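Undergrad: got a sequence here, can you model it:
(one chain, ligands or ions: 1)
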Amino acid sequence: MLPAQKAHEPLPNAADAYWLPFTPNRHFRKDPRLVVRAEGMYYFDPAGRRVLDAASGLWCTNAGHTRRPIIEAIQRQAAEMDYAPAFQFAHPKVFELAARLAGLAPKGLDHVFFVNSGSESVETALKIALAYHRARGDAGRVRLIGRERGYHGVGFAGIAVGGIVTNRKFFGTLVAGVDHLPTTYDRAKQAFSRGEPEWGAHLADELERLVALHDASTIAAVIVEPMAGSTGVIPPPQGYLQRLRSICDKHGILLIFDEVITGFGRLGAPFAAERYGVTPDLITFAKGVTNGAVPMGGVIASRGVYEAFMTGPEHVIELFHGYTYSGHPLACAAALATLDLYRDEGLFERAGSMEKVLEDAVHALKGAPFVLDIRNVGMAAAIDLEPIAGMPGKRGYELLQRAFFDQNLMIRIAGDTIAIAPPLIAGEDEIAIAVGGVRKAIDATA
Ligand code: PXG
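TA: Predicted coordinates:
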């Protein structure tokens, strides 16, 4: 076939061209799950069937779908100015958004660097951490510490500090000089905890062990999700994050909270840092910042970190890093409208007040077939199911399918763990329907 012809002719099976991310592609094609429209708490499939979104898309549509003010802000911005160069030029909305985000972040975190995804926000935060120490003449601090079961996106540094074996083992040597704290999850000690488990704060002391091993003078930063989302909603043990903060302080190590999921109300506060009263040096964010409507992410840095860079001759670039689409006008417009919506509808507070409703609903699944543990915090919950012997992940995948096709319900799965994270606009009825649908899907697989 001539290249010219190829460009014009669709493949015999049009679905073949698309390589889906984090999806079993061949299996998907047999029974594709398609959605064509969304509104509020619901998706609609091509036949018009309504599907309750119990996952906020992928943890991002916190205000629900296709909200008018966000749509209109994007439309207006697209017509007014489609793009502005991110390097050496700027546009008004990017300043306004940075100020708004600094206002939402804990006191002292007041400089915002924009990127386009959670993965980029992690790469950026880790690079800032390394460059920060170097800028202060402490260039020996090159090690990065993550945590087992952590998810920090799919960049090379993100998978290196992350703690998910399947996301790591295929990709060579990753980034050198990385070590990991242990996961804070131990089913034997924590099963069926409501909210933050009582057991586990002492696991932060493992950082002292890593300091003893590597010496503090070699460690740049520790990165953790305040609540581990992707590996199944693992809330921090009570006191754990406080302990991590004080050990980092003691040794001059930067603390990074990856708030890509926990930011923008998921835990009933603008950021989890506020819920836990712990201020990190850097916060990564993405997802909810634009309600998922336009890709955007970023890093919020403390004044101290920012100011360490603001030295040297003023005509010289301070941080050799950035993306073509950093602070994209459409993303900024969407984010400003999103933040207005969160504020005007009190959605962060609403998430806090609905936490107990979701908690009671999911914990009522205790005793259902295969249920090994149930966890919840804020507007997020997870149910661990017993894997089918020799086929880890199969039960989870079957549940995803049954929920979608039979229960008109979109959930998340991580292996054999079900995650529920509805938009923060969810009412009691919708939470009950979502959890009821999960129950029916579980019963159907029994
Ligand atoms: N950090 C954290 C804490 C995340 O949860 C990322 C970084 C990466 O973000 P991007 O925008 O590069 O995907 C994430 C993303 C799930 C699920 O089902 C979770 C994520 C993405 C997709 C699915 O749990 N988290």
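Undergrad: going forward, measure contacts between C-alpha atoms and count neighbours the same way
TA: Noted.
Undergrad: so who does Ala444 touch?
TA: Contacts for Ala444 were tallied using Cα atoms under 8 Å, 6 or more residues apart in numbering; there are none.
Undergrad: actually, Gly297.
TA: Contacts of Gly297 (Cα under 8 Å, 6+ apart): 114-118, 120-121, 284-287, 289.
Undergrad: near the ligand too, which of these?
TA: When contact is defined as Cα under 6 Å from any ligand atom, the contacts of Gly297 meet the ligand at 117-118.
Undergrad: which ones among the contacts of Gly297 lie within helices?
TA: 118, 120-121 (DSSP state H).
Undergrad: of these - the most surrounded one?
TA: For the ones in helices among the contacts of Gly297, the largest neighbour count, defined by other Cα atoms under 10 Å, is 30 neighbours, found at Ser121.
Undergrad: which residue is the nearest non-sequential neighbour of it?
TA: Gly298 (5.1 Å; Cα to Cα, 6 or more residues apart in numbering).
Undergrad: what of Pro280?
TA: Looking at Pro280 with Cα to Cα, 6+ apart, the closest residue is Leu255, at 5.1 Å.
Undergrad: burial of that neighbour, as a residue count?
TA: Neighbours of Leu255 under the rule other Cα under 10 Å: 25.
Undergrad: distance between the helix or strand where it lies and the chain's centre?
TA: Taking DSSP states H and E as the definition, one finds Leu255 inside strand 254-258. Chain-centre distance of strand 254-258: 14 Å, with Cα atoms, centre = their mean, to the nearest Å.
Undergrad: if we can go back for a sec, what residues does the residue nearest to Ser121 make contact with?
TA: Per Cα under 8 Å, 6+ apart, neighbours of Gly298: 112-118, 120-121, 284-286.
Undergrad: for it, which three-state class applies?
TA: Under DSSP: H, G, I helix; E, B strand; the rest coil, Gly298 falls in the strand class.
Undergrad: cool, Phe28 as well?
TA: Classified using three-state DSSP, Phe28 is helix.
Undergrad: how much space between it and Trp19?
TA: The gap separating Phe28 from Trp19 is 10 Å, by Cα to Cα, to the nearest Å.
Undergrad: can you count the residues close to His111?
TA: There are 20 residues near His111, going by other Cα under 10 Å.
Undergrad: pretty sure it is in a strand, no?
TA: Yes: the assignment for His111 by three-state DSSP puts it in a strand.
Undergrad: my read: it touches Leu104, true?
TA: No: the pair His111 / Leu104 is not scored as a contact, 11.7 Å apart, by Cα atoms under 8 Å.
Undergrad: okay, Ala15: pLDDT?
TA: The model reports Ala15 with a pLDDT of 68.
Undergrad: hang on, I meant Lys6
TA: So Lys6 comes in at 51 (pLDDT).
Undergrad: also Asn116?
TA: Asn116 is given a pLDDT of 98.
Undergrad: so where's the chain uncertain?
TA: Scanning the chain for pLDDT under 70 picks out 1-15.
Undergrad: flag every residue of it that's near the ligand.
TA: Looking at the ligand, the residues of the chain close enough under Cα under 6 Å from any ligand atom are 58, 117-119, 151-153, 225, 229-230, 258-261, 412.
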